[in-house]
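**Q** Build me a model:
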Amino acid sequence: MFENSERTDIAELGEFGLIKHLTENFKIRHESSIKGIGDDAAVLNFDGKEILVSTDLLLEGIHFDLAYVPLVHLGYKAVQVNLSDIYAMNGVATQITVSIGLSSKFSLEAVEEIYKGIELACNKFNIDLIGGDTSSSKQGLVISVTSIGYVDKKDVVYRNGAREGDLLCVSGDLGGAYLGLQILEREKLIFLENPNIQPDLEGKDYIIERQLKPEGRRDIVDLLAQMEIIPTSMIDVSDGLASEILHICEQSGKGCNLYEEKIPIDPVTYETARELGLDPTVCALSGGEDYELLFTIKQEDYPKLKNDVDISIIGHITEKNSGCKMISKSNMVHELKAQGWSAFKG
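**A** Numbers count the residues shown, from 1 in each chain. Take a look at the predicted model:
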């Protein structure tokens, strides 16, 4: 994957030369970025705002497979999954730091591809790259991104603010990223058995993109602000809808009713699940990596967003003793269980 007629060994540049080479085209956009890369620490000034900080770690073989993940997409995704945490606090992301651990198989050109993806994300979401670190790695590629942002104190949203009667809402559609991963894994196995067979991804563009190039929902944060809605609780959907709903309910000390028929599932996601012998609802509940925003709102805010096609009302919050329930399409009541992705599965 890394074959290149013009391969440059990273050791030729050294650590500081590598950092300078990879980051020299990144521009500073925000007044809050007083000092970016080039000193012992970055200097930021947010003029009394509530500061938000989040960190994510991506490990080769655990979080991504370079057999089918292009490096430019990996760089983009590494930033996106981190920005999503800031948006889930109803905040605006403004800066990131990026640290990478590289094994000897990576040439300079390969690392440039990763940073090309990082730069694309910075340009699209108006982010300053202000620092990071590089190191050698014996365990493959490691990427750690820290995102920094801000929010007015009156607008910050936590997971623990859901109240009885609040409406449960989610942006976009769910399950696509998981189904995209299943298709990529299937084609990888076919390729390993017969390298002469080309991948069959026809008609799967949407779900493949949902897996390889997710988009943090900054637009939903902006939309809610325009509607003058401050959610009572919010979380991003990284580990599956069921897991995230349970986080909100547990931290808020509440129960919920989730309605299966209201869960937004794209037609390609639905058809692919059936094609693979999977239940589309289970994929949405437990698949993860959709990076949509799950949030609760007061009932009086319902008229403000009821006509928005990108937000679905999927249930409501109940008192704690009612438990967390899903009402199926056949009107059966099931206990909602988290079966999503775990960072420490064996």
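
**Q** Any idea what L58 is bridged to?
**A** Residues in a beta bridge with L58, per DSSP bridges, are I143.

**Q** And for it, the neighbour number?
**A** Residues lying near L58 (other C-beta atoms under 10 Å) number 18. Every C-beta, even on glycine, is put in place using the N, C-alpha and C of the backbone.

**Q** How about the contacts made by it?
**A** Each residue near L58 by C-beta atoms under 8 Å, 6 or more residues apart in numbering is listed here: 64, 74, 77-78, 81, 142-145.

**Q** what does L141 give?
**A** 59-60, 66, 100-103, 106.

**Q** still on that earlier bit, turn the contacts of L58 into a markdown table, including pLDDT and neighbour count.
**A** Listed next are those as a markdown table, based on pLDDT from 0 to 100; neighbours: other C-beta atoms under 10 Å:
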| residue | pLDDT | neighbour count |
| --- | --- | --- |
| F64 | 93 | 21 |
| L74 | 97 | 22 |
| K77 | 96 | 26 |
| A78 | 96 | 24 |
| V81 | 92 | 21 |
| V142 | 95 | 18 |
| I143 | 96 | 25 |
| S144 | 96 | 18 |
| V145 | 96 | 26 |
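
**Q** Closest one to D133 out of these, please.
**A** If you rank the contacts of L58 by distance to D133 using C-beta to C-beta, S144 comes first, at 8.3 Å.

**Q** Which element, helix or strand, includes the closest residue to that closest one other than its chain neighbours?
**A** Leaving aside its sequence neighbours, S144 sits nearest to S99 (C-beta to C-beta, 6 or more residues apart in numbering; 4.4 Å). Using DSSP states H and E, S99 sits in strand 92-102.

**Q** Helix or strand next in line after that strand, which one?
**A** Note on strand 92-102: by DSSP H and E, the next helix or strand toward the C-terminus is helix 108-125.

**Q** which parts of that following helix are buried?
**A** By neighbour count on 16 or more other C-beta atoms under 10 Å, the buried set for helix 108-125 is 108-115, 117-122, 125.

**Q** With stretch 225-245 instead?
**A** Within stretch 225-245, the residues scored as buried using 16+ other C-beta under 10 Å are 229-245.

**Q** Report the distance from it to the chain centre.
**A** Centre-to-centre, stretch 225-245 and its host chain are 13 Å apart (C-alpha atoms, centre = their mean, to the nearest Å).

**Q** Quick check on L52: phi, psi?
**A** With angles defined as degrees, to the nearest 10, L52 sits at phi -110, psi 130.
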